[in-house]
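K.L.:
My questions concern the predicted model and sequence given below.
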Amino acid sequence: MSNVDIIAAHYDASDRGDLAGMLAPLGQETTWTEAAGFPYAGTYVGPEEVREHVFDAIARDWEGYTFTLEELLDAGDAVIGLGSYRGKHRRTGRSFTARVAHVWKFDGGKLAAFEQIVDSAPVARAAEDR
């Protein structure tokens, strides 16, 4: 599979709600960075940390949280996914939509790093107490 095929399979798994399929491209050394200002900001290493600190946390805090892929760009050792997040915060009941870019970097045919670049303001507003 090409790098873009690997990431396309990740997004297909996301659409199916298949967490194991989403985490399949990550190795034990893969770094995953959630953007500063995002509720789950930080860098996590390996599929177990990503599952716990990102996907389990999102499932706990949000209802109907989705990523809609609008464009997938093949840049060789990098793949860029452009789209939008949407969800409704379970505690506040507020919804949001936020633009996002995902940057996936490969080294030697293996996924080395993921970086999220997101407009985190709408997400933070939906989650904040007023």
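P.N.:
Done, it's in.
K.L.:
residues in contact with residue 74?
P.N.:
2, 3, 4 (Cβ atoms under 8 Å, 6 or more residues apart in numbering). To be clear about C-beta, it is placed using only N, CA and C from the backbone, and glycine gets the same treatment.
K.L.:
Please read the previous query as pertaining to residue 39.
P.N.:
57, 61, 120, 123, 124, 127.
K.L.:
Quick check: closest non-adjacent residue to the first one.
P.N.:
Distances taken as Cβ to Cβ, 6 or more residues apart in numbering place residue 40 nearest to residue 57, at 5.3 Å, with adjacent residues excluded.
K.L.:
Name the single longest helix found in this protein.
P.N.:
helix 3-16 (DSSP state H).
K.L.:
just how off-centre is that one within its chain?
P.N.:
Distance, stretch centre to chain centre, for helix 3-16: 12 Å (Cα atoms, centre = their mean, to the nearest Å).
K.L.:
just how off-centre is the next helix-or-strand element following that helix within its chain?
P.N.:
Using DSSP states H and E, the helix or strand that follows helix 3-16 towards the C-terminus is helix 19-23. With Cα atoms, centre = their mean as the basis, helix 19-23 stands 11 Å off its chain's centre.
K.L.:
For the helix or strand that helix 19-23 is followed by, what is the distance to the chain centroid?
P.N.:
Next helix or strand after helix 19-23 toward the C-terminus (DSSP H and E): strand 31-34. Its chain's C-alpha centre and that of strand 31-34 lie 9 Å apart, by Cα atoms, centre = their mean.
K.L.:
buried set for strand 31-34?
P.N.:
Neighbour counts over strand 31-34 (16 or more other Cβ atoms under 10 Å) mark 31, 32, 33, 34 as buried.
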